[in-house]
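>>> predicted structure and sequence below. I'll ask about it afterward.
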Amino acid sequence: MGALPVRSTRLVDLNLLSVRISSNLEAFDAYAYFSREAPAGTEPDHEIVCVDLDRDPYDPEVLRGLCDRTLRAKRFRSGYYLNHIFGDPAYLVTEGKRSYVFGRRLERTVWPYFVKRILTDFAVDHGYLHLKAGGFTFDDGAATLLVGPNAGGKTVFLTQACLDGARFLTNTHALVRDGEAHAVPSAVRVRRAPQFERLIEEHGLTPHLESGDFVAAPELLFAGAPSDSGRVRNIVITDFSPGRPGGFARITAEQAGLFLGLFSDGVVNYGLKDDLLDHHGGDLDAFTATLAGLRAQLTTLVEGARCYRANVDMLDPLVRKTVLAELRA
């Protein structure tokens, strides 16, 4: 690509891997979604270079000629990045482990697409299962993973558990292998609430790109250092709905596996099947072998954990105490 204008850069630590993010903007909102920096001198596993076309214009015809010839690049050019994330047309260029993207408001591509793609590629290359899941650990190191539909109460469950003494593990992503869940350090979504008002104002928190809430490093919110990993003891499907009968009850591993296959599996949940096929160079045998391996890993995970469904109000102190006592046991 030659020399591009870079006015800011950050080397972020995602626990098992690191990523260098660079921008031609001095202040780039995408950085706020990452809570930990990698040590100086770390060789990144991947690099993302974001060029805002309002700051440094480039000829769209030239960019179209440089673009990847993948379905994802075609979608980027139409302004569709991933799932429900849209924006201005963007131009995606990949050179090995370095990705370039040209467009506007490119923070809408970094966490929503690039991180998910990089984590999925890393997971399949190193024998991990990439899950959309929050999580926390107890003093004995055992981990509880939280999965569920959007707006199902995962963030409230996670924050209330951590404010009640559990250790923060991960907010949105987990890499799991042999029953061990590894965190992916990131910021946490914070809603305007009395306990967070002062935090929002004092730290000038960055608004979340979708919800109208804010994002903050977990170290600002919870006592104690976050956990890097934990042995999975519990898997909780959160689906808080006051209009339906409440409860916290065990479910079968089969039920949990079926649910996670749709709502937690990274490839399925984030619509990355075409990207994964491209990662395998279109090799059907390699692609299907990976899918079979992911299915087997998911089955092993749920069979080795206690699985629950939760329609509970974790803001209620008595409910929270009862639920966390069961998970600790």
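Thanks, I have it.

>>> what residues sit buried inside stretch 262-271?
Using 16 or more other CB atoms under 10 Å as the test for burial, stretch 262-271 gives 263-270. From N, CA and C alone the C-beta is placed, and that goes for glycine too.

>>> ignore what I typed, I meant stretch 5-23.
Per 16+ other CB under 10 Å, stretch 5-23 contains these buried residues: 11-23.

>>> low-confidence regions, the protein specifically.
By pLDDT under 70, the low-scoring segments of the chain are 1-2, 191-212.

>>> residue boundaries of the helices in it?
60-66, 71-77, 107-109, 116-126, 154-163, 197-203, 218-221, 253-263, 266-269, 273-279, 284-303, 317-328 (DSSP state H).

>>> tell me what the last one is packed against?
Read that as helix 317-328. helix 154-163, strand 229-238, strand 247-250 (3 or more CB pairs under 8 Å, 6 or more residues apart in numbering; DSSP states H and E).

>>> between the second one and helix 253-263, how many degrees?
So the one you mean is strand 229-238. 90 degrees (axes from the mean of the first three to the mean of the last three CA atoms, to 10 degrees).

>>> hey, C-alpha coordinates of strand 229-238 in CSV?
Listed next in CSV are the C-alpha coordinates belonging to strand 229-238 (Å, rounded to 0.1, in the frame of the first residue of the first chain):
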residue,chain,number,x,y,z
SER,A,229,-9.1,-17.2,32.4
GLY,A,230,-11.2,-19.6,34.4
ARG,A,231,-12.4,-23.2,34.4
VAL,A,232,-16.0,-23.2,33.1
ARG,A,233,-18.3,-24.4,35.9
ASN,A,234,-21.5,-22.7,34.8
ILE,A,235,-23.2,-21.6,31.6
VAL,A,236,-26.2,-19.3,32.1
ILE,A,237,-28.7,-18.4,29.4
THR,A,238,-30.0,-15.0,30.4
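
>>> these two touch, right, A216 and N171?
No - the criterion here is CB atoms under 8 Å, and A216 misses it with N171 at 10.4 Å.

>>> before we move on, back to that, would you list the helices and strands packed on helix 317-328 in TSV and tack on mean neighbour count and distance to L53?
Output for the helices and strands packed on helix 317-328, formatted as TSV (neighbours: other CB atoms under 10 Å; distance: least, CB to CB, whole Å):
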stretch	mean neighbour count	distance to L53
helix 154-163	22	33
strand 229-238	23	40
strand 247-250	11	50
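
>>> any chance of those in JSON lines, with distance to I85 too?
Formatted as JSON lines, those follow (distance: least, CB to CB, whole Å):
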{"stretch": "helix 154-163", "distance to I85": "18"}
{"stretch": "strand 229-238", "distance to I85": "23"}
{"stretch": "strand 247-250", "distance to I85": "33"}
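
>>> quick check: F136 vs P226, distance?
Distance, F136 to P226, using CB to CB, to the nearest Å: 9 Å.

>>> find the residues that touch each one of these two.
167-169 (CB atoms under 8 Å, 6 or more residues apart in numbering).

>>> in strands, which of these appear?
167-169 (DSSP state E).

>>> need the buried ones from these selected in PyMOL.
Selecting only the buried entries of these in PyMOL, with 16+ other CB under 10 Å as the criterion:
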select buried, resi 167+168+169
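
>>> wait, isn't C50 in contact with R20?
No - contact criterion CB under 8 Å: C50 and R20 do not qualify, at 11.4 Å.

>>> from the buried residues of stretch 5-23, which land in strands?
11-13, 18-23.

>>> pick out the most distant pair among the residues you listed.
Using CB to CB, those reach their maximum pairwise distance at D13 and S23, which is 18.3 Å.

>>> looking at the ones in strands among the shared contacts of F136 and P226, which one is closest to E37?
Out of these, the member with the shortest distance to E37 (by CB to CB) is F168, at 17.5 Å.

>>> quick check: bridge partners of the closest one?
Taking DSSP bridges, one finds F136 as the beta-bridge partners of F168.

>>> that one against L158, yeah?
Yes - F168 lies in contact with L158 (CB under 8 Å); the separation is 7.5 Å.
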